[in-house]
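Novice: Return a 3D structure for these sequence lines:
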Amino acid sequence: MKCVQYWPEEEKDCLQYGDITITNTAVQKFAFYTISTLLLERVRYAATTQLSLIAIIDYEIISNAVLCYRDQCQSL
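Specialist: Numbers count the residues shown, from 1 in each chain. Next up is the predicted model:
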């Protein structure tokens, strides 16, 4: 595992961490990555976008996956 997933995986699901609620408001799935739009609630509201590269590239180079991911990150 590369990191611990702190956001809800499915659209409209919520996770609670103390006084912070994270709601997944939208999910876009692509071949090599997933984009989740998150709503963070506490005293005030903040929205963020989580991009997750799901292709494993430690031991092999998947140049197409990395380039697609990079292009999507740059378009935000």
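Novice: What is the least confident helix or strand in the chain?
Specialist: Least confident element among the helices and strands of the chain, by mean pLDDT, DSSP states H and E: strand 45-53 (a mean of 74).
Novice: from the chain's centre, how far out does whichever helix or strand comes after that one sit?
Specialist: Downstream of strand 45-53, the first helix or strand assigned by DSSP states H and E is helix 63-75. From the chain centre to the centre of helix 63-75 is a distance of 14 Å (C-alpha atoms, centre = their mean, to the nearest Å).
Novice: mind exporting helix 63-75 as CSV, just the C-alpha atoms?
Specialist: What follows is helix 63-75 as a C-alpha-only set of coordinates in CSV (Å, rounded to 0.1, in the frame of the first residue of the first chain):
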residue,chain,number,x,y,z
SER,A,63,4.7,5.9,-19.5
ASN,A,64,1.2,6.3,-20.9
ALA,A,65,-0.3,6.1,-17.4
VAL,A,66,2.1,8.6,-15.9
LEU,A,67,1.6,11.1,-18.9
CYS,A,68,-2.2,10.8,-18.7
TYR,A,69,-2.0,11.4,-14.9
ARG,A,70,0.3,14.4,-15.3
ASP,A,71,-1.9,15.9,-18.0
GLN,A,72,-5.0,15.6,-15.7
CYS,A,73,-3.1,17.2,-12.8
GLN,A,74,-2.0,20.1,-14.9
SER,A,75,-5.5,20.7,-16.2
